[in-house]
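A.B. asks: sequence and predicted structure below; questions after.
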Amino acid sequence: MKIDKIHIKGFRNFDDEEITFQAKTLIIGANDVGKTNLLYAIRLLFDKSLNEHDLELTDSDYNAYSKANEIEITVTICDIIEDCLLSAFGGSIKDGTTIIRYSNTKDGSYRILMGFSEETLDEFPGRHYIKRLNMQYVDTNRDLFSFLKRERNQMLALAKDKRTPKTEKEDDAKTTDIQNDLNTINTKVSSLHYVATALEQVNKELSDLSIHNTDQSVQFIAGESRAEKLLDDLVLAYSSEENPLAIGGDGRNNQIFLATWIAKQNIQKNVDHVTFYAIEEPEAHLHPHQQRKLSEYIQNKFDDQVFITSHSPHIASRFKPENMVRLYPENKFTHAACGGCNTMLKEVFEEFGYRLNVLSSETFFSDGVFLVEGTSEVLFYTSLAQELDVDLDRHNLSILSVEGIGFKPYIAICDALNIPWVLRTDNDVFSKPTKSPDKQYYAGISRIMGILDHVSDENNELLQYWSNHKAENEWQYGAEAPMAANTLNAYIKERAEEYGMFLSNVDLENDLANSSLQQELFQYYGKKKVDTLVKAMQTKKAENMLGFLAEHHTSLKTLVGDKIAEPLITLSRTVEERTHPYHD
């Protein structure tokens with residue numbers, strides 16, 4: 001079986017949202033966007049650890065912005081073939097599908113409804129089905145030591161119950177041997193001279209305290225004297241060569257916990273019930289390499305359905321894109337990009353190809369992305385944002401280099417995940433053909449019109465204008481650009497900004513060399529003319545940019561109101577308005 005989708009109305013962050021899942025689903029998004037609330041919606045239907053009081057909810061569980069008075073959480077389950085579930089759901093299944101709905105109102109109590117379609121939903125007396133279908137949930141605030149102890153005990157108890165009569169008899173014999181060994185060890189401990197001396201003094205004091213202690217004595221024992229108690233209190237430890245090592249840091253403990261927890265799930269598999277799982281932030285305390293490995297481990301080790309929430313780009317970078325649910329806020333409500341898990345994501349990610357790495361995976365968690373051509377632009381705009389009080393981290397904005405001019409795959413990812421974006425590209429002049437050229441053209445406007453054609457419909461007014469005038473963007477090789485080409489360039493440059501695409505006057509170096517930073521740049525590079533300054537800036541661009549910013553970053557404040565800062569301001573404003581549409 002598989003939970004195919006959930007439809008949430010009026011619950012916490014969600015107004016009216018349908019979200020599709022896969023067998024292995026990664027739920028990502030910024031803090032407080034509703035990842036835990038999404039899992040809690042599923043828990044209300046399937047988590048046995050939630051009691052009747054938890055299911056009643058409170059006023060704070062109703063979406064405040066929509067002024068909801070009713071909550072509906074509807075889950076569609078498909079591919080039901082397990083006998084225990086076919087029996088539990090009975091007439092509520094058709095073609096392997098059933099629908100379960102949790103409904104609650106502020107002036108009433110919750111109801112559970114079931115049916116094989118929306119039209120056939122009937123009320124049922126509570127969550128009787130959780131005996132056969134339930135959810136195991138791991139909280140992000142888990143106490144690792146407590147969890148380890150509990151999971152260890154449950155795992156051992158489950159393994160003990162699965163023994164055959166033969167192995168149980170063999171274990172009883174071995175337990176007797178362990179008890180004899182314990183007795184021998186404790187006798188030897190008591191015979192140690194320093195131990196015997198200490199015990200003699202203790203027993204003398206006990207005898208002096210009470211006559212009832214005269215015929216009794218105490219002794220030091222090696223931890224535990226009873227084999228059964230010793231086996232009940234087994235402690236997980238690493239084995240290094242011949243010596244066990246105490247378990248130490250939280251990262252290692254988190255790995256041990258997950259391995260133990262998964263092992264327990266595999267041991268307790270039973271044909272009488274079906275379990276699916278939810279794990280919040282499994283990457284806690286782990287370094288990047290282990291986070292990536294953990295992502296693969298969880299996906300490969302669970303045969304049953306599993307939901308994972310994460311803030312880690314390392315986890316995301318190893319997850320199948322079509323198995324991701326990206327939550328994002330808009331107009332005060334939480335939404336799922338592409339409606340949740342969607343094969344369209346697979347297509348755009350396949351085009352993205354080798355570019356997918358941890359740096360670009362950060363985009364998944366961004367509320368807005370500024371795409372630039374190279375590292376020097378990333379360095380410059382990161383510093384500029386700081387000096388212009390555009391707090392990138394507060395607004396969850398990322399500045400990402402496409403390492404060239406290949407913007408389209410990055411834009412496709414942003415659009416698929418419903419992430420606002422802007423870009424800035426050079427307004428450079430190219431020659432064509434590459435060999436023995438006879439024409440020149442403004443490559444920048446050609447580039448952004450190609451992007452606009454990629455993201456807009458064919459009726460776009462600017463695209464139609466381009467179609468009618470693009471021939472004016474070519475002129476004879478070696479000649480100055482004619483007035484028609486310059487007019488077209490200026491028109492497209494201005495109109496493209498409406499779509500979040502910003503063209504340099506020439507490129508970053510030329511634009512800065514002719515900006516209010518000119519004197520600081522002359523001083524830093526030791527130049528007196530713009531052309532020689534630009535040439536120096538374009539040599540080892542990132543290294544030189546880093547050096548200049550280290551000495552003159554406060555001078556960037558002079559660029560406030562300059563066109564060069566406009567992409568940052570536009571993106572920040574767009575994200576602010578999207579997140580807080582009523583913000584004055």
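C.D. replies: Now that the structure is in, tell me what you want to look at.

A.B. asks: the nearest residue to Thr558 once chain neighbours are set aside in helix, strand or coil?
C.D. replies: Of all residues not flanking Thr558 in the chain, Ser516 sits nearest, at 4.2 Å (Cβ to Cβ, 6 or more residues apart in numbering). Every residue, glycine included, has its C-beta placed from N, CA and C. Following DSSP: H, G, I helix; E, B strand; the rest coil, Ser516 is assigned to coil.

A.B. asks: residue contacts, Ser516?
C.D. replies: Thr558, Leu559, Asp562 (Cβ atoms under 8 Å, 6 or more residues apart in numbering).

A.B. asks: repeat that with 10 Å
C.D. replies: Ser555, Leu556, Lys557, Thr558, Leu559, Val560, Gly561, Asp562, Ile564 (Cβ atoms under 10 Å, 6 or more residues apart in numbering).

A.B. asks: just confirm the fourth one is within a helix.
C.D. replies: Yes: in this structure, Thr558 lies within a helix as judged by three-state DSSP.

A.B. asks: quick one, what contacts it?
C.D. replies: Glu387, Ser515, Ser516, Leu517, Gln519, Glu520.

A.B. asks: from the middle of its chain, how far away would the helix or strand hosting the last one be?
C.D. replies: Per DSSP states H and E: Glu520 is located in helix 518-525. Taking Cα atoms, centre = their mean, to the nearest Å, the mean C-alpha location of helix 518-525 is offset from the chain mean by 43 Å.

A.B. asks: list the buried ones in it?
C.D. replies: Of the residues in helix 518-525, Glu520, Leu521, Phe522, Tyr524, Tyr525 count as buried by neighbour count, 16 or more other Cβ atoms under 10 Å.

A.B. asks: summarise which helices and strands it is packed against.
C.D. replies: Secondary-structure packing of helix 518-525 (3 or more Cβ pairs under 10 Å, 6 or more residues apart in numbering; DSSP states H and E): helix 508-513, helix 530-537, helix 541-552.

A.B. asks: for Asn300, find the nearest of those.
C.D. replies: helix 541-552 (38.8 Å; Cβ to Cβ).

A.B. asks: for the record, mean pLDDT for the next helix or strand after the closest one?
C.D. replies: The element immediately downstream of helix 541-552 (helix or strand, assigned by DSSP H and E) is helix 566-579. For helix 566-579, mean pLDDT is 91.

A.B. asks: so Gln519 touches Lys527, yeah?
C.D. replies: No: using Cβ atoms under 10 Å, Gln519 is not in contact with Lys527, being 11.1 Å away.

A.B. asks: re earlier: are any of the contacts of Ser516 buried, and which?
C.D. replies: Buried among the contacts of Ser516 (16+ other Cβ under 10 Å): Ser555, Leu556, Leu559, Asp562, Ile564.

A.B. asks: what's the closest non-adjacent residue to the second one?
C.D. replies: Which is Leu556. Glu387 (4.1 Å).

A.B. asks: so what's the one you found up against?
C.D. replies: With contacts defined as Cβ under 10 Å, 6+ apart, Glu387 is in contact with Leu549, His553, Thr554, Ser555, Leu556, Lys557, Thr558, Leu559, Val560, Ala565.

A.B. asks: now, the most widely separated pair of the residues you listed?
C.D. replies: Leu549 and Val560 (16.6 Å).

A.B. asks: quick one: low-confidence parts of the stretch 301-450 of the chain?
C.D. replies: Residue ranges of the stretch 301-450 of the chain with pLDDT under 70: 351-361.

A.B. asks: tell me where it has helices.
C.D. replies: Under the criterion DSSP state H, counting those that start in this stretch, the stretch 301-450 of the chain contains helices at 313-317, 343-352, 358-361, 375-387, 408-416, 443-455.

A.B. asks: would you format these as TSV with distance to Ile73 included?
C.D. replies: Shown next, in TSV, are the helices of the stretch 301-450 of the chain (distance: least, Cβ to Cβ, whole Å):
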stretch	distance to Ile73
helix 313-317	26
helix 343-352	25
helix 358-361	30
helix 375-387	40
helix 408-416	26
helix 443-455	35
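
A.B. asks: most tightly surrounded among those helices?
C.D. replies: Of those, the one with the most neighbours on average (mean count of other Cβ atoms under 10 Å) is helix 313-317, at a mean of 22.

A.B. asks: ok, and what's touching that one?
C.D. replies: With contact meaning Cβ under 10 Å, 6+ apart, helix 313-317 is reached by 26, 28, 281-283, 286-296, 298, 308-310, 324, 326, 356-365.

A.B. asks: the closest residue in space to Phe319 that isn't next to it in sequence: what's it in contact with?
C.D. replies: Nearest non-adjacent residue to Phe319, counting by Cβ to Cβ, 6+ apart: Leu26, 4.5 Å away. If you count contacts by Cβ under 10 Å, 6+ apart, Leu26 has them with 295, 298-299, 306-310, 312, 315-316, 318-321, 323-326, 341, 364.

A.B. asks: tell me if Leu26 really is in a helix.
C.D. replies: No: counting by three-state DSSP, Leu26 falls outside a helix, being strand.

A.B. asks: gap between it and Tyr277?
C.D. replies: Separation of Leu26 from Tyr277 (Cβ to Cβ, to the nearest Å) stands at 13 Å.

A.B. asks: so, low pLDDT: which residues of the stretch 51-200 of the chain?
C.D. replies: In the stretch 51-200 of the chain (pLDDT under 70), the answer is 140-155, 199.

A.B. asks: residue ranges for the helices of it, please.
C.D. replies: 52-56, 83-89, 144-161, 165-191, 193-209.

A.B. asks: neighbouring contacts of the first one?
C.D. replies: Going back to what we said before, that points to helix 52-56. 40, 43-45, 47, 102, 104, 108-110, 112, 126-127.

A.B. asks: so Asn331 makes contact with Asn13?
C.D. replies: No: using Cβ under 10 Å, Asn331 is not in contact with Asn13, being 11.8 Å away.

A.B. asks: now do the shared contacts for the two.
C.D. replies: Tyr65.

A.B. asks: dump the C-alpha coordinates for the helix holding Glu520 into PDB.
C.D. replies: This file holds the C-alpha atoms of helix 518-525, laid out as PDB (Å, rounded to 0.1, in the frame of the first residue of the first chain):
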ATOM      1  CA  GLN A 518      35.400  54.600 -10.000                       C
ATOM      2  CA  GLN A 519      37.800  56.400  -7.700                       C
ATOM      3  CA  GLU A 520      38.100  53.600  -5.200                       C
ATOM      4  CA  LEU A 521      38.700  51.200  -8.100                       C
ATOM      5  CA  PHE A 522      41.400  53.400  -9.600                       C
ATOM      6  CA  GLN A 523      43.100  53.600  -6.200                       C
ATOM      7  CA  TYR A 524      42.900  49.800  -5.600                       C
ATOM      8  CA  TYR A 525      44.100  48.800  -9.000                       C
END
